[in-house]
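Undergrad: Structure for the following, please:
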Amino acid sequence: MSIAIVSPSSRTRKIYWLSAALLFAFLLAGLFDRDPWKADEPYSVGMVLNFFRGHDLVVPHVAADPFVEKPPVMYWTGAFFARLASGVLPVFDAAQLAVLAWLVIAVICVGRLAQRLYGPAQTHDTNTDTDTFNWLAPMLMVGSFGAIENIHKLTADVPQLAGAALALAALGRLAKAENASRLWGLLFGTGAGIAFLSKGLLVPGVLGLTALAVLAVPAYRTRRYAGALGWAVLASLPWLIIWPALFWHASEPLFIEWFWDNNFGRFFGFVHLGGERTTYGSDAASLIGLTFPAGWLALGALIAQLRQGGGLRRFLSECPEQAMLWLYAGLFVATLVASSAIRDIYMLPLFPAIAVLGAGVRLPTWLEKAWSRVALVLMSVLGLFLWVRWGLQLSGGGHIAAGPIGKWLPLDYVLPFSPGLVLAAVVVAALWVTAIVHRRQLGALVFGFAGLMFVWGTLSTLLLPWINEARSYRTPFDELRASLSHAAPHGTSLATRCVGSYNVGESERAMLDYFIDVRPVQLQDLTQASRCSVLLLLDKANARIPAPEGWREIWQGGRAGDTNERFRAFVTPSATVSASAGTVK
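TA: Residues are numbered from 1 along each chain as shown. From the prediction side, this is the model:
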């Protein structure tokens, strides 16, 4: 009888590639093969679409209107990938390649920084190579509650996340004298510049404060570090100057609206653009809940380090990179608390720092075992439930054991059978089974992420068409297109018709442009309705907007399961529809 001998290096390689597969399966699940979802994605796609068409490469537009809440780097890169994949992928799916590219940058930066600080992710294999990439830190970054969905969305926050990760990785390198100050200074400035051109002043401001605050750490109080900051300023200048200068030249009023209203106005609260604070208590609850597990693990690691003796002074002296990350995290949270507007997606730039800090934790043996057991049972049960739910929706039994699901998803929707999505779900399940087999080698935290990948991956494959039906505007706007085509004069295309919109936001206008090639004219009030031959109204729950007298309703509808929004379309009072030909006379 022969016995197969597996070398430590072979086991290490297997765990390395299994960890990589778990992370990238999680990133890919829910990224493609769907429509833009509200909130945030629809208006982002509207700007990508305008850049893709080459209408205006400086001033972002949604449909026919300027939309200057955010700088354009996400939309530029989305349009770039859409152009590369033109004819192969729809614009949105191609633009999602840009999201993936930015996430890969963030993963590399966070994983490399954690590798330098701790070596590879902690496993039960004592023969692991210290040069192995640390997969745990990026897993904590993308797998914390506040990041799971947000990192999969086409939003300006994703390149901002990548910029923050790059800047922090570079700033961490500058704590060591053996690292080239010029290179890492340039990369620090580049990361801050990317964050600025993604979403504005918030993250670059916090990074700048952090770069000054770390002078309290002995490792950073050097002439070499001062020189690196000079290189950082030099690297950031192209990001800070070129587009704003072009924008100012294109339109001074729009530039002022972006720079003043959407940076300072949002922060100080004298401009109300959504996402306002309710109470500080709710902010604290969100911060505690949405940063799990990365933030909780980071606090555990800090407490353990301080308990080793020496107190804060020793921590600042012996752990300069961790001290820098804590300064950044503290300044970022303080800035969010001081602002007047806060949403969960605003927390994304916090996750690179707390993920690296959390990756340094050493779980007690009892907690290691408990974490693995809970992950094994809980994630297996949830994943199996999603498979059962898929079977019920596939067979038309959506109302069986639905519970509260009907509040968010249409229970009467019958899932189409998609071989590709089913195959992807099988791959996800196979990865989970493989992780179960190797759970001791993976360690509790990586194994817990594997369980999250199983649940998220199953939800984002088997049930993706169902979720898409509830969150996409495709179905109602396809119905609107059919009604508009029926009511159009003979030989008139939708693209050439004037459609006035009232109470219709930027997200809905972007999706009208994306799905049915209609770029509506915004109406300030209904007295302007006569400017166009078609009027589109958006009613909110318990706030129906009365249509102008004489206009004839031709369609109404909304997203499946959405009880808050209802669209209604009307044609001009002078139009009558021929019963035989369906043309306006």
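Undergrad: For burial, what's the neighbour tally of Arg11?
TA: 16 (other Cβ atoms under 10 Å). Glycine gets a C-beta too; all of them are placed from N, C-alpha and C.
Undergrad: now swap in Pro218 and tell me
TA: Pro218: 14 neighbours (other Cβ under 10 Å).
Undergrad: quick one: the residue nearest to it when sequence neighbours are not counted and Tyr220, what's the gap?
TA: Leaving aside its chain neighbours, Pro218 sits nearest to Ser317 (5.6 Å; criterion: Cβ to Cβ, 6 or more residues apart in numbering). Going from Ser317 to Tyr220 by Cβ to Cβ, to the nearest Å gives 11 Å.
Undergrad: got it, and Arg481?
TA: Arg481 is 59 Å from Tyr220, by Cβ to Cβ.
Undergrad: ok, now Ser9?
TA: In terms of Cβ to Cβ, Ser9 sits 38 Å off from Tyr220.
Undergrad: Looking at these two, which is more packed in?
TA: Tyr220 (23 against 11).
Undergrad: Quick one, grab the pLDDT at the nearest residue to that one once chain neighbours are set aside.
TA: Distances taken as Cβ to Cβ, 6+ apart place Val214 nearest to Tyr220, at 4.3 Å, with adjacent residues excluded. pLDDT recorded at Val214 is 97.
Undergrad: Gly275 too?
TA: 59.
Undergrad: burial of Thr278, as a residue count?
TA: Thr278 has 9 nearby residues by other Cβ under 10 Å.
Undergrad: nope, Ala165 is what I meant
TA: 33.
Undergrad: from the middle of its chain, how far away would the helix or strand where it lies be?
TA: In the assignment (DSSP states H and E), Ala165 maps to helix 157-173. On the basis of Cα atoms, centre = their mean, to the nearest Å, helix 157-173 sits 15 Å off its chain's mean C-alpha point.
Undergrad: quick one: which helix or strand includes Leu536?
TA: Per DSSP H and E, Leu536 falls inside strand 534-540.
Undergrad: Now do that strand: which elements does it pack against?
TA: On a contact count with 3 or more Cβ pairs under 8 Å, 6 or more residues apart in numbering; DSSP states H and E, strand 534-540 meets strand 499-502, strand 565-571.
Undergrad: Please list the outside residues in contact with it.
TA: 480, 484, 487, 497-505, 508, 512, 520, 523, 529, 545, 547-548, 551, 564-572 (Cβ atoms under 8 Å, 6 or more residues apart in numbering).
Undergrad: what do you get if the cut-off is 6 Å, keeping everything else the same?
TA: Applying Cβ atoms under 6 Å, 6 or more residues apart in numbering, the external contacts of strand 534-540 come out as 499-504, 529, 545, 551, 564, 566-571.
Undergrad: Quickly check those residues for the two that are furthest apart.
TA: Farthest-apart pair in the contacts of strand 534-540 is Asn564 and Val571; separation 25.5 Å (Cβ to Cβ).
Undergrad: and the residue nearest to Leu306 when sequence neighbours are not counted, how many residues sit next to it?
TA: With Cβ to Cβ, 6+ apart as the measure, Phe315 is the residue that lies nearest to Leu306, at 6.2 Å, once sequence neighbours are left out. Around Phe315 sit 18 other residues, with neighbours defined as other Cβ under 10 Å.
Undergrad: Need the three-state assignment for Phe315.
TA: helix (DSSP: H, G, I helix; E, B strand; the rest coil).
Undergrad: mind listing the helices in the stretch 1-150 of the chain by residue range?
TA: 8-28, 41-53, 73-84, 91-118, 136-143 (DSSP state H, counting those that start in this stretch).
Undergrad: can you state the direction angle for the fourth one and helix 136-143?
TA: With axes from the mean of the first three to the mean of the last three Cα atoms, to 10 degrees applied, the angle from helix 91-118 to helix 136-143 works out at 140 degrees.
Undergrad: So which bits of helix 91-118 are buried?
TA: 91-100, 102-103, 105-118 (16 or more other Cβ atoms under 10 Å).
Undergrad: the longest helix in this protein is where?
TA: When the chain is scanned for its longest helix (criterion: DSSP state H), the result is helix 365-394.
Undergrad: And that one, what does it pack against?
TA: helix 444-459 (3 or more Cβ pairs under 6 Å, 6 or more residues apart in numbering; DSSP states H and E).
Undergrad: What is the subsequent helix or strand relative to the helix it packs on?
TA: Under the assignment DSSP H and E, the closest C-terminal helix or strand after helix 444-459 is helix 464-471.
Undergrad: Tell me what angle that next one forms with helix 365-394.
TA: Going by the same axes, to 10 degrees, helix 464-471 makes 80 degrees with helix 365-394.
Undergrad: Now do helix 464-471: distance to the chain's middle.
TA: 18 Å.
Undergrad: Only alpha carbons, please: show it as PDB.
TA: Only the C-alpha atoms of helix 464-471 are listed here, as PDB (Å, rounded to 0.1, in the frame of the first residue of the first chain):
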ATOM      1  CA  LEU A 464     -30.200  37.400  -9.500                       C
ATOM      2  CA  PRO A 465     -33.000  37.800 -12.100                       C
ATOM      3  CA  TRP A 466     -35.600  38.000  -9.300                       C
ATOM      4  CA  ILE A 467     -33.700  40.800  -7.500                       C
ATOM      5  CA  ASN A 468     -33.100  42.500 -10.800                       C
ATOM      6  CA  GLU A 469     -36.800  42.500 -11.600                       C
ATOM      7  CA  ALA A 470     -37.500  44.400  -8.400                       C
ATOM      8  CA  ARG A 471     -34.600  46.900  -8.600                       C
END
